[in-house]
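**Q** Got a sequence here, can you build the structure:
(chains A and B)
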Amino acid sequence: MTQITRRAALTLAALPLAAPPLLGQNLTKLRVSVIPVLDVAPLHAAIREGYFAAEGIEIDTSTTTGGATGLPGLIAGQFQVTFSNTVSILLGVREGLDFRFVSGASRGAMTPPDIFAVMAKKGSGIRSGKDLEGKRIASNTRNNIVWLRGMAWVEKTGGDWHRVTTVEVPFPQMADALAGGRIDAAILSEPFVAGALATHGDTLERIGWPISETAPGGTNAQYVAMKDELNAHGEVFDRFGRALHRGVDWVNARLTDPVLLELIAGFSRVPIERLRQVALPAYPKGVTPGELDDLLVSMKHFGMTGTYPATSSLIFRTAAV
Amino acid sequence: MRLSARPSSGVVLVACLLLLWEVSARLDWMHTPNWPPLTDVLVALAHDTLTGELPLLVGGTLWRMAAGLAAGGAAGVVVGMLFATLPMTARLFGPMVELVRPIPIPAVIPPLVLFLGLDNTMKVTVVALTVFFPVLTNTMQGVAAVEADTLAMGRTFGIGPLRRALRITLPAVLPYILAGFRVSLALALVVAVVAEMIAGEQGIGHYLVMMQFAGRAPEIYATVLVLAVLGYGLNRAFLVMEHRTIHWWFAMGRQADG
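**A** Residues are numbered from 1 along each chain as shown, chains lettered A, B, ... in the order given. As a prediction, the model looks like this:
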């Protein structure tokens, strides 16, 4: 499905697709595609605290959970900003799509606990990537950040990633699939790690931290916009960036404060008692060429080869902080 | 229809299965918290109904479904009549229709997002596309089954082609059209929910996926219950409407049997 979408997206990118009118009203409306995950807490904080309103911006979030509609929707002009994982963004850039980073969103922590975990069934004897050779590991999607970090962990722990079969399983179904023996390991992201341990703690265990064991503090997800939109309405995105970054400050000042968990519970609907067990990502404001270059090295190593433009050319001024 | 105070065996079976659900979840036969007891599900259902969240979402889904049903159904009837009365149009467009018809609609939702966006336009179009084909096929089948004698009589009485189509063919085809609509009704609900699950922040489909992501099993099953009841209710309501609209057709059937 992603393949078709990407091809259709490419075809369409060549057409002069009319973007919805951005300017001309007192309150600029921006439609932002998000996923209901911990990473977008600063955006919701900035909305709730009125930071966007103070910049004359009205944010309309569109939450997509399953389908890969965020980036194609951005190309089609359905959204002005899309939250997505770095691997998917860079793969789009490789295909010639003019995504530009307008803000950082999340990075892995330098030390455990990570926002990702590799989990296996207790007593299965699976402890490392080596043990997984010839076995099945679940990732929510192939060729995204979760899969990449998982494969890096397989290699780091002595396994040959070519010999590990990836099965695509949605996050909500991973714990049951693992407990039921349908897969041998799974790469989960928070809050599903905490969820799996809370509901299946007697049968499942965490066997690895795929970010801090392979790329401590590694990049994870960003907000992107289209290059043409940024050229035409750069000033709107300056305001967007300012408001969003005030939201980042708000979140970073409350990392241990229950009000942050209440905010996350509000937009994600995850029960707050589960959120108390969750590991939070780091919330950066900017995007650096260095973190993108590091990721590209890893992407090329794990089969996502091709020609990528210089990463410094992909960062809009709002993310160069 | 037999009226009696005793519940039919079908109702008893449903009740037994619901009881089995409750017992299996309470005793944790499935070894997973993602199989919540029916009572928990009903509590979640009552909660989100009373807050007004679910009724609003269900209303939105039904509205999109109805709009798609009306648009796709009307197009199906018109095109079907056209194909059947003007063979040239059937020759021209027939192959295209046959090519598009077997495509699973969920497969074309992501590309449709590019053209139609994520909101009502896309979702209503998706439902309309789904409804169009069964109604079209049934309409054509119906027109083919109109008795030649009836049409010949119309001609003898000097009734023009347009009036023949509207006054003789259309009423005769109506039972077929309605059968097409009934098949489409169930599909329309399914497709409306699938479209909502894939994109946009609307309706019961989006609620279902949100709750999956939030790991709230009772809310997930509450949604499933709502959809089951909705599907059942819609079909029953349609049957009643169908009996009222074409009672003469059902009467004819009984006469032929008897």
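
**Q** Can you tell me which residues in chain B are near chain A?
**A** B:31-34, B:107, B:109-111, B:113-115, B:117-118, B:197-201, B:206, B:209-216 (C-beta under 8 Å from any C-beta of the partner chain). Bear in mind the C-beta positions are built from the backbone N, C-alpha and C, glycine included.

**Q** Give me the buried subset of the residues you listed.
**A** Neighbour counting by 16 or more other C-beta atoms under 10 Å in any protein chain shown classes B:32-34, B:109-111, B:113-114, B:117-118, B:197-201, B:206, B:209-216 among these as buried.

**Q** Okay, and which of the residues you listed map to helices?
**A** B:109-111, B:113-114, B:197-198, B:206, B:209-213 (DSSP state H).

**Q** Where does A:Thr166 fall, secondary structure wise?
**A** strand A:165-168 (DSSP states H and E).

**Q** near chain B at all, the next helix or strand after that strand?
**A** As assigned by DSSP H and E, the chain's next helix or strand after strand A:165-168 is helix A:171-179. Yes - remark: helix A:171-179 sits within contact range of chain B at A:Phe171, A:Pro172, A:Ala175, A:Asp176, A:Ala179, by C-beta under 8 Å from any C-beta.

**Q** Which among those residues count as buried?
**A** A:Phe171, A:Pro172, A:Ala175, A:Asp176, A:Ala179.

**Q** was I right about A:Arg239 contacting A:Gly56?
**A** Yes - A:Arg239 is in contact with A:Gly56 according to C-beta atoms under 8 Å; the separation is 6.5 Å.

**Q** who touches both of those two?
**A** Residues touching both A:Arg239 and A:Gly56 by C-beta atoms under 8 Å, 6 or more residues apart in numbering or on different chains: A:Thr28.

**Q** mind checking how far B:Pro36 is from B:Leu50?
**A** Counting by C-beta to C-beta, to the nearest Å, the gap from B:Pro36 to B:Leu50 is 19 Å.

**Q** do the same with B:Gly160
**A** 59 Å.

**Q** Who has more neighbours out of B:Pro36 and B:Leu50?
**A** B:Pro36 (22 against 10; other C-beta atoms under 10 Å in any protein chain shown).

**Q** All the helices of chain A, in order from the start?
**A** Applying DSSP H to chain A gives helices spanning A:2-13, A:41-48, A:51-54, A:70-75, A:86-94, A:145-156, A:171-179, A:192-200, A:227-252, A:258-268, A:272-275, A:289-301.

**Q** can I get the ones you listed in JSON lines with mean pLDDT?
**A** JSON lines is the format used below for the helices of chain A (pLDDT from 0 to 100):
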{"stretch": "helix A:2-13", "mean pLDDT": "49"}
{"stretch": "helix A:41-48", "mean pLDDT": "95"}
{"stretch": "helix A:51-54", "mean pLDDT": "94"}
{"stretch": "helix A:70-75", "mean pLDDT": "86"}
{"stretch": "helix A:86-94", "mean pLDDT": "93"}
{"stretch": "helix A:145-156", "mean pLDDT": "94"}
{"stretch": "helix A:171-179", "mean pLDDT": "90"}
{"stretch": "helix A:192-200", "mean pLDDT": "89"}
{"stretch": "helix A:227-252", "mean pLDDT": "94"}
{"stretch": "helix A:258-268", "mean pLDDT": "92"}
{"stretch": "helix A:272-275", "mean pLDDT": "89"}
{"stretch": "helix A:289-301", "mean pLDDT": "94"}
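
**Q** what would those look like in CSV with distance to A:Pro112?
**A** Below are those laid out as CSV (distance: least, C-beta to C-beta, whole Å):
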stretch, distance to A:Pro112
helix A:2-13, 31
helix A:41-48, 20
helix A:51-54, 32
helix A:70-75, 29
helix A:86-94, 21
helix A:145-156, 13
helix A:171-179, 20
helix A:192-200, 11
helix A:227-252, 20
helix A:258-268, 20
helix A:272-275, 18
helix A:289-301, 19
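
**Q** With respect to B:Leu18, which of those lies nearest?
**A** Nearest to B:Leu18 among the helices of chain A is helix A:171-179; the distance by C-beta to C-beta comes to 22.2 Å.

**Q** Give me the residues contacting that closest one.
**A** Contacts of helix A:171-179 (C-beta under 8 Å, 6+ apart): A:119-121, A:138, A:140, A:169, A:183, A:185-186, A:188-189, A:192, A:195-196, A:199-200, A:203-204, B:31-32, B:34, B:212-213, B:215.

**Q** mind listing what's buried in whatever helix or strand B:Met241 lives in?
**A** Assigned by DSSP H and E, B:Met241 belongs to helix B:217-245. Residues B:217-223, B:225-227, B:230, B:234, B:242 are the ones in helix B:217-245 that count as buried (16+ other C-beta under 10 Å).

**Q** Likewise for stretch B:166-176?
**A** Buried-residue list, stretch B:166-176, by 16+ other C-beta under 10 Å: B:Ile168, B:Thr169, B:Leu170, B:Ala172, B:Val173, B:Leu174, B:Pro175, B:Tyr176.

**Q** which residue packs closest to the third one, ignoring adjacent ones?
**A** Using C-beta to C-beta, 6 or more residues apart in numbering or on different chains and skipping residues adjacent in sequence, the residue nearest B:Leu170 is B:Met81, 7.3 Å away.

**Q** Chain A versus the one you found, what's the distance?
**A** According to C-beta to the nearest C-beta, to the nearest Å, B:Met81 stands 34 Å off from chain A.

**Q** Correct me if wrong: that residue contacts B:Ala165.
**A** Yes - if you go by C-beta under 8 Å, B:Met81 and B:Ala165 touch, sitting 6.5 Å apart.

**Q** Those residues of the stretch 201-321 of chain A touching chain B, which are they?
**A** So the stretch 201-321 of chain A meets chain B at A:Thr203, A:Ser268, A:Arg269, A:Val270, A:Pro271, A:Arg274 (C-beta under 8 Å from any C-beta).

**Q** what is the rounded mean pLDDT of the helix or strand B:Val194 falls within?
**A** In this assignment (DSSP H and E), B:Val194 forms part of helix B:170-198. What helix B:170-198 shows for mean pLDDT is 90.

**Q** tell me what it is packed against?
**A** Helices and strands touching helix B:170-198, by 3 or more C-beta pairs under 8 Å, 6 or more residues apart in numbering or on different chains; DSSP states H and E, are helix B:53-85, helix B:105-116, helix B:120-145, helix B:203-213, helix B:217-245.

**Q** Please name every helix or strand in contact with the shortest one.
**A** To tie it back to what came earlier, the one meant is helix B:203-213. By 3+ C-beta pairs under 8 Å, 6+ apart, helix B:203-213 packs against helix A:171-179, helix B:53-85, helix B:170-198, helix B:217-245.
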